[in-house]
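>>> Structure for the following, please:
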Amino acid sequence: RGVGTINDASPLYVIDGVPVNGGMWYINPADVESIDVLKDASATAIYGTRAANGVIVVTTKTGKEGGTLLSYSFNASVTQRPTYNDFELMSSKERIDVSREIMERGLYFENTPQRMGYEGLMMDYWDKKISFAEFQAGVSRMESQNTDWFKELYRNSFSQSHNLSLSGGNETTRYYFSFGYTNSKGAEKGADLSRLTARMNLSSRLRENILLDVRLSGSLQDADYNPGYYSAFDEAYYTNRTIPARNADGSLYYVDKEVNDEHITQTKVLARYNIMNEFANGGQSIINKSLNLTAALNWELLPNLRYMGTVGLTTTTNLTESWMGEKSFYIANLRGWDYGDKPAGDIAMKGILDGGIYSNGMMNQYDWTVRNQINYNFTLNEVHNFNIDLGQEAKSTIYKGAQGSVFPGYMPDEGKTFSMFPMISPGDIYEY
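Numbering: from 1, shown residues only. Model prediction:
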């Protein structure tokens, strides 16, 4: 069975006659001349089991016979960010009414609520940390809070693309050169993407019956995202709107969340949490590079006999890195205490004491494809049409690289260096 028939519903992409892996992310849409979809028997007959999910055939542009043509195009689009009007979600007052009804009816929460919002005020009142008047004032303030978490975490996305091309040709040679730039500011704050593409397509008729096509393209894509440990949409959708995002002076408002207390013996530890602090102290970056060369020879040996040969070479590099800084709650949970607030008591063995964490990966992929095909077609008695194809294809894919390496002690604010801290053994004292 082909790999395309096992747990994979993606189609096979064929770009300028060469099957490729990973889709067509590196293709500039402005360079596409046509897209054809093959399916069922027609696709299987040509590409075998790889075509089980269909084949998408992409052909890029070539120059037209005539004078030189210089073309420039610009596209821009704006997409509105999500808002609470898009969903049926409770306001702050409605959320407090639900919590108040749960308390008044003596119902139970499925899980113990965190010490925040109406429940947090109620716990503080029960523990006599605040008076009843302070409790009432806090509830009144929360009822009108209505924090817009979608506004805090999202923005109207803006995307722009610029495309410049030069094309032309004569009876024997045609050419097409292009350069493209795309920049996209995603709806989620902190998600940005930029891409550069370049292409050179040359078509030359060496003899009356021999046509040579050479196509060279390259691309560079750089994308930045928020830390993969969190979902901006889930944070905006599920976070209680009675919880403010910022203090009156504009600084971030933090709630206390319990960290992984397995690290600290017989000690309950709280650390400050605000999703915007997590995004400010973490992130991930993905850089993709691609270089593609295709050469195709079309040779009409006889009036009805044609040879077609194609050679394709592709090299792709994928660089990924992600990090979380020491001031984030995520690292506090691994460390066992909040940043700059080591609790008293014994410190159990742990994988991180100073700094944050950094992980990276690099994968190089090398592909080559060689295809040879002979086609013979003829007609008998001006009625019966015959088309005979004989083909051969050889393909190789080589992967080199490593992924998943994780390093503790990362200091992104200190020149992206790593802290040097001693290994802790039982009984040792470590000053933080």
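
>>> In the stretch 251-400 of the chain, where is pLDDT below threshold?
For the stretch 251-400 of the chain, the stretches with pLDDT under 70 are 261-267, 343-351.

>>> Just give the number of residues close to Arg246.
Arg246 is flanked by 13 other residues according to other Cβ atoms under 10 Å. Every residue, glycine included, has its C-beta placed from N, CA and C.

>>> contacting residues around it?
By Cβ atoms under 8 Å, 6 or more residues apart in numbering, Arg246 lies in contact with 252-253.

>>> show me where the stretch 301-432 of the chain has strands.
Residue ranges of the strands in the stretch 301-432 of the chain, as given by DSSP state E, counting those that start in this stretch, are 305-324, 356-380, 384-411, 417-418.

>>> Reformat these as TSV; add distance to Thr182.
Supplementary listing: those in TSV, determined by distance: least, Cβ to Cβ, whole Å:
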stretch	distance to Thr182
strand 305-324	18
strand 356-380	22
strand 384-411	26
strand 417-418	33
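
>>> Mean neighbour count added to the ones you listed, as TSV?
Putting those into TSV (neighbours: other Cβ atoms under 10 Å) gives the following:
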stretch	mean neighbour count
strand 305-324	18
strand 356-380	16
strand 384-411	12
strand 417-418	14
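
>>> Distance-wise, check Leu143 relative to Leu121.
Small correction: residue 143 is Glu, not Leu. 11 Å (Cβ to Cβ, to the nearest Å).

>>> Which one's more surrounded, the two?
The neighbour comparison of Glu143 against Leu121 (other Cβ under 10 Å) goes to Leu121, with 24 against 17.

>>> Contact partners for the more buried one?
For Leu121, the contact set (Cβ under 8 Å, 6+ apart) comprises 130, 135, 138-139, 142.

>>> Can you tell me which of those residues are buried?
130, 135, 138-139, 142 (16 or more other Cβ atoms under 10 Å).

>>> In a helix, Leu203, correct?
Not Leu; residue 203 is Ser. No: going by DSSP: H, G, I helix; E, B strand; the rest coil, the assignment for Ser203 is strand, not a helix.

>>> count of neighbours near the closest residue to it other than its chain neighbours?
Closest residue in space to Ser203, ignoring its immediate chain neighbours: Arg174 at 4.5 Å, by Cβ to Cβ, 6 or more residues apart in numbering. Neighbour count of Arg174, defined by other Cβ under 10 Å: 20.

>>> now Leu206
A count of nearby residues for Leu206, using other Cβ under 10 Å, gives 12.

>>> Off-centre distance for the helix or strand where it lies?
If you go by DSSP states H and E, Leu206 is part of strand 192-207. Taking Cα atoms, centre = their mean, to the nearest Å, one finds strand 192-207 lying 25 Å from the centre of the chain it belongs to.

>>> Perfect, I'm done here.
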